[in-house]
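Asks: here are the coordinates; sequence isn't available:
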Ligand code: ZN
């Protein structure tokens, strides 16, 4: 049996896992992301954790196929990161440094693409070759899998579905600096924003007016309870998302869209609001594209990173 490591580098923690080549997770754990001093400790910390785990599990180094790692930045196959927002790195040759520190092969990918590859291998996209993962969390992330491989693009930033422009009239700004991005309507914060705008519009009765805090969860709980105002908000969310999916389908022609992230905890009810707008705007060969929920949660990133090694 051969083994590989999957690493998911985030702004506060590094998630790590050891996998058998058949996909079985032998062990998983987390270490802190030390971002101070330009993130200089991050790769040494990860290398140390990997080498210690090899000893702890009594694995033979020649049976380790390599280390896969997802990073929160655009990155291409050369494993060079040019800039990061939240881990302190500027230009960094991540693949080369990690290989030198560990004596193991390394493969680096963008974290959203790794999550998509993970869901394709072991989660909601199992059995498919062409899949799009959309994570509805604080932001909207995306990973596109074409013929079993993540689509990377010329800048390493393919699949950034959250920043498709879906409303040319919008005046509020997205975190990226543009206006009208999908993320402003379909992320957890976007849904809460839609809810606040709707509640401010008139005095229509709604359980949301009594909520301590307006969040995507309170909105979808109210939807499930039949609240009319919450349903209006969900319809707006679903329309923006469904229409964006139709545009993405016309470009990438997936077999399935897999929905993950915190908002996906609302469950199948999400599909009630996005599938109809999708069908309405889908180019005819894309009609009937499947929709499913992600199943790996926070493990998607380490699973995909491990698979990147197996696909090397
Ligand atoms: Zn944006």
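Replies: The structure has been received and is ready for your questions. This structure is a prediction, so every number in the text was calculated from the model and none was measured.
Asks: Show me where the stretch 1-150 of the chain has its strands.
Replies: Taking DSSP state E, counting those that start in this stretch, the strands of the stretch 1-150 of the chain run over residues 3-9, 13-20, 25-32, 64-71, 80-81, 92-93, 106-110, 131-136, 140-146, 149-150.
Asks: Quick check: which of the ones you listed is buried the most?
Replies: Stretch with highest mean neighbour count among the strands of the stretch 1-150 of the chain: strand 131-136 (a mean of 29; mean count of other Cβ atoms under 10 Å). Where C-beta positions appear, they are placed from N, C-alpha and C, glycine not excepted.
Asks: and the angle for that strand with strand 140-146?
Replies: Interaxial angle, strand 131-136 versus strand 140-146 (axes from the mean of the first three to the mean of the last three Cα atoms, to 10 degrees): 170 degrees.
Asks: what packs against strand 131-136?
Replies: helix 111-122, strand 140-146, helix 228-252, strand 256-260 (3 or more Cβ pairs under 8 Å, 6 or more residues apart in numbering; DSSP states H and E).
Asks: Recalculate using a threshold of 7 Å.
Replies: If contacts are counted by 3 or more Cβ pairs under 7 Å, 6 or more residues apart in numbering; DSSP states H and E, strand 131-136 sits against helix 111-122, strand 140-146, strand 256-260.
Asks: still on that earlier bit, tell me which of the strands of the stretch 1-150 of the chain lies nearest to the ion.
Replies: Nearest to the ion among the strands of the stretch 1-150 of the chain is strand 140-146; the distance by Cβ to the ion comes to 8.7 Å.
Asks: So which residue is dead centre in the chain?
Replies: The centre of the chain sits closest to residue 112, judged by Cα atoms, centre = their mean, with a distance of 4.0 Å.
Asks: Which residues of the stretch 101-250 of the chain lie near the ion?
Replies: Within the stretch 101-250 of the chain, the positions near the ion by Cβ under 5 Å from the ion are 163, 174, 176, 178, 181.
Asks: In PyMOL, select just the buried ones from those.
Replies: To isolate the buried ones among these in PyMOL, judged by 16 or more other Cβ atoms under 10 Å, type:
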select buried, resi 163+174+181
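Asks: related to what we said a few turns ago, so can I have a markdown table of the strands of the stretch 1-150 of the chain showing distance to residue 200 and mean pLDDT?
Replies: Putting these into a markdown table (distance: least, Cβ to Cβ, whole Å; pLDDT from 0 to 100) gives the following:
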| stretch | distance to residue 200 | mean pLDDT |
| --- | --- | --- |
| strand 3-9 | 38 | 98 |
| strand 13-20 | 37 | 97 |
| strand 25-32 | 40 | 97 |
| strand 64-71 | 39 | 97 |
| strand 80-81 | 41 | 96 |
| strand 92-93 | 45 | 96 |
| strand 106-110 | 37 | 96 |
| strand 131-136 | 23 | 96 |
| strand 140-146 | 23 | 94 |
| strand 149-150 | 41 | 95 |
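Asks: quick one, which of these is nearest to residue 159?
Replies: Taking Cβ to Cβ, strand 140-146 is the member of the strands of the stretch 1-150 of the chain nearest to residue 159, at 4.2 Å.
Asks: Quick check: closest non-adjacent residue to residue 102.
Replies: residue 47 (4.8 Å; Cβ to Cβ, 6 or more residues apart in numbering).
Asks: Pull the contacting residues for that neighbour.
Replies: Shown in contact with residue 47 (Cβ atoms under 7 Å, 6 or more residues apart in numbering): 98, 101, 102.
Asks: Quick check, the last one in contact with residue 50.
Replies: Yes. The pair formed by residue 102 and residue 50 meets the contact definition of Cβ atoms under 7 Å, at 5.7 Å.
Asks: Between those two, which contacts overlap?
Replies: With Cβ under 7 Å, 6+ apart, residue 102 and residue 50 have common neighbours residue 67.
Asks: Thank you, goodbye.
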